[in-house]
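> Below: sequence and its predicted model.
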Amino acid sequence: MADTAQAQELVYLVTGGCGFLGEHVVRMLLQREPRLHELRVFDLHLGPWLEELQTGPVQVTAIQGDVTQAHEVAAAVAGAHVVIHTAGLVDVFGRASSETIHEVNVQGTQNVIDACVQTGTQFLVYTSSMEVVGPNIKGHPFYRGDEDTPYEAVHKHPYPRSKALAEQLVLEANGRKVRGGRPLVTCALRPTGIYGEGHQIMRDIFYQGQRLGGRLFRAIPASVEHGRVYVGNVAWMHVLVARELQQRGALMGGQAYFCYDSSPYKSYEDFNMEILGPCGLRLVGTRPLLPYWLLMFLAVLNALLQWLLRPLLLYAPLLNPYTLAMANTTFTVSTNKAQRHFGYEPLFSWEDSRTRTIGWVRAMDGSAP
Ligand SMILES: NC(=O)C1=CN([C@@H]2O[C@H](COP(=O)(O)OP(=O)(O)OC[C@H]3O[C@@H](n4cnc5c(N)ncnc54)[C@H](O)[C@@H]3O)[C@@H](O)[C@H]2O)C=CC1
Ligand SMILES: C[C@H](CCCC(C)(C)O)[C@H]1CC[C@H]2[C@@H]3[C@H](O)CC4=CC(=O)CC[C@]4(C)[C@H]3CC[C@]12C
């Protein structure tokens, strides 16, 4: 818990604070932000675990609310010094309509910016995504790139399009005068594929492997590298950015930073096996068992089935043309911008990150739905 010897004066708001990343940000703030007086956790769905946080020295205020409702956002933001905006609709599987994704990710973000301006909150950290850059639908590799690497970003899918628009809104809002006359200071963090305790897709793939008798079948060439970053390090980066933005606004305001750590560069499936292998799963095949054209055919079939079945039920498998293209395109980051601008070093080594995630998966063993 926070070091109570330091003055506890700050009020933070975390939107989406009950999500996968949001929960880690909330817990990290309580452990590593000694100046915290009140932590507001805003989410559409509040988690029961918030109850156990009420006993510490920091006042934890749970706010059930919707970022698409401007008045709810303004009420939550009023009086906060810092907003960490992680709330978002993460959907690349066709569960939600493109209008809903836009409403939550873009209009929701605009509401957060407006609320900061109206109520006088000066510091805003936005959880963006690697997807604001790529991979693009042309399959161009982004190999060990940084924030300045030129890349043809083409956003056809509603999720990356919404994240790119929202990031642009946040970065362009830097410098706007908030109530009281001070400038708004904003920045954006761009995680690559996050993994760690609570990762829903890892959970789904683990259960899928168990149903298949402890096996997964290789679909992606091992040569395709996919950037991954541990959730604890992403949360730590948010805490650090929020703190340093208050001191180094001139340097950091209006900037975007990739989230990175020492997790190895591997294909999506080989990386998952670093975690799922020690949990009893095996990846069958050194090469994809099905040719790419057949996988694409199945992906298109899934998309067609999704469309046909929509009036009756929601069919949203992992494989669709977009996820196949993503998994098949190299996208890895190599940068030290966060270290240069605000002294970021990963809090968790790769070994720690892996061990913690393996422990979480093992604890699920036997509880398959
Ligand atoms: N999971 C990943 O690999 C990556 C995630 N991100 C970004 O990180 C952020 C958090 O993502 P995750 O934790 O993975 O997703 P998540 O789905 O676990 O968390 C999102 C949270 O936002 C809340 N939320 C959704 N709509 C809301 C609304 N209208 N009003 C209030 N709250 C709402 C949800 O209830 C949920 O608790 C998102 O902005 C996402 O775009 C970025 C890069 C990678
Ligand atoms: C689900 C995909 C893997 C499917 C493998 C297949 C086709 C054989 O069944 C995942 C591959 C890449 C993932 C995405 C990537 O890590 C970047 C992301 C960033 C975000 O902001 C949100 C999550 C995601 C879109 C992530 C989603 C799962 C994959 C598409």
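All right, it came through fine. Ligands and ions are numbered 1, 2, ... in the order given.
> Now the residue in the chain positioned nearest to ligand 2. Nearest residue, chain neighbours left out?
For the chain and ligand 2, the shortest gap (Cβ to the nearest ligand atom) falls at residue 193, measuring 2.6 Å. For every residue, glycine as well, the C-beta is placed using N, CA and C. Excluding the flanking residues, the one nearest residue 193 by Cβ to Cβ, 6 or more residues apart in numbering is residue 228, at 4.9 Å.
> same thing with residue 251?
residue 341 (5.9 Å).
> Might one say that that neighbour is in contact with residue 248?
Yes - counting by Cβ atoms under 8 Å, residue 248 is a contact partner of residue 341 at 7.1 Å.
> where in this protein is pLDDT low?
1-7, 366-369 (pLDDT under 70).
> 50 - rerun?
Residue ranges of the chain with pLDDT under 50: 1-5.
> Which residues of it lie near ligand 1?
The chain comes close to ligand 1 at residues 16, 18-22, 43-45, 66-68, 86-90, 104, 108, 127, 129, 163, 191, 193-194, as judged by Cβ under 6 Å from any ligand atom.
> And the buried ones among those, selectable in PyMOL?
The PyMOL command for the buried members of those (criterion: 16 or more other Cβ atoms under 10 Å) is given here:
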select buried, resi 16+18+19+20+21+22+43+44+66+67+68+86+87+88+89+90+104+108+127+129+163+191+193+194
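> so of the residues of the chain next to ligand 1, which ones are in strands?
Judged by DSSP state E, strands contain the following of the residues of the chain next to ligand 1: 43, 127, 191, 193, 194.
> which residues touch the first one?
Contacts were defined as Cβ atoms under 8 Å, 6 or more residues apart in numbering; by that measure residue 43 touches 15, 16, 17, 18, 19, 22, 63, 64, 65, 87.
> any chance of these in JSON lines, with distance to residue 355 too?
Listed next are these as JSON lines, based on distance: Cβ to Cβ, whole Å:
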{"residue": "15", "distance to residue 355": "30"}
{"residue": "16", "distance to residue 355": "27"}
{"residue": "17", "distance to residue 355": "26"}
{"residue": "18", "distance to residue 355": "25"}
{"residue": "19", "distance to residue 355": "23"}
{"residue": "22", "distance to residue 355": "23"}
{"residue": "63", "distance to residue 355": "34"}
{"residue": "64", "distance to residue 355": "34"}
{"residue": "65", "distance to residue 355": "36"}
{"residue": "87", "distance to residue 355": "29"}
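> tell me the helices in this protein, going along the chain?
20-32, 70-77, 98-102, 108-119, 158-172, 200-211, 231-245, 249-252, 268-276, 292-309, 321-327, 337-342, 350-364 (DSSP state H).
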